[in-house]
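S.K.: Return a 3D structure for these sequence lines:
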Amino acid sequence: MVSFETNDCFLGQDRCCPTITLSTTGVSNSSQAIRMGLYERVDTYFDRPVYLHSEVDEYLFYMGGRSRGLWMVGPEVGLFSGGLANRGDTICIEDVRSEWKYADGSGWSKDPLLKAKCAKDSAGKKIVIIATLVRLALNAYKCRQLIVGI
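M.R.: Predicted structure coming up:
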């Protein structure tokens, strides 16, 4: 059964990739290697997906702010206590195009080679796209009922 919230009428988080790979060949790998790897979607926070690392207790999540938020990688969802951050204000992490910053022990530095990418192959993407289209169709029908009152 598909869960439904009124926010689903306006936000497109269901189209976000279910599995993300964080990787770099850049400078952040020396101090943040533990945070690189595969992340699976486990929850929602600030109307965006939350991902959990496949091997360690590290989360990839969006933290909202007054005017805009940031994507963060850290040990607890909702706390600014991680080692990777990106000011990209996108619904889906794989759509972020701005540079990542990493904590190096003395502050925050940029790593232009750090990327968050969808980890599913083309067959997996097709299944995700079909499931997303079904969810969106159901949500559009429910949104129409809410707006028009039918």
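S.K.: Strands of the protein, start to end?
M.R.: Applying DSSP state E to the chain gives strands spanning 19-23, 37-45, 48-53, 59-63, 70-74, 84-86, 100-103, 108-111, 115-118.
S.K.: what's in contact with the first one?
M.R.: So that's strand 19-23. Outside strand 19-23, the residues that touch it by CB atoms under 8 Å, 6 or more residues apart in numbering are 35-41, 51, 60, 73, 84, 93-94, 114-120, 124. (C-beta placed from N, C-alpha, C; glycine too.)
S.K.: give me every residue that touches the closest residue to residue 92 other than its chain neighbours.
M.R.: Leaving aside its sequence neighbours, residue 92 sits nearest to residue 16 (CB to CB, 6 or more residues apart in numbering; 3.8 Å). Listed by CB under 8 Å, 6+ apart, the contact partners of residue 16 are 41, 48, 49, 91, 92, 93, 94.
S.K.: Format the strands of the chain as a markdown table; extra columns: distance to residue 30 and mean neighbour count.
M.R.: Conversion of those to a markdown table gives the following (distance: least, CB to CB, whole Å; neighbours: other CB atoms under 10 Å):
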| stretch | distance to residue 30 | mean neighbour count |
| --- | --- | --- |
| strand 19-23 | 14 | 19 |
| strand 37-45 | 16 | 16 |
| strand 48-53 | 18 | 21 |
| strand 59-63 | 20 | 24 |
| strand 70-74 | 16 | 22 |
| strand 84-86 | 13 | 21 |
| strand 100-103 | 9 | 22 |
| strand 108-111 | 10 | 15 |
| strand 115-118 | 17 | 18 |
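S.K.: Perfect, I'm done here.
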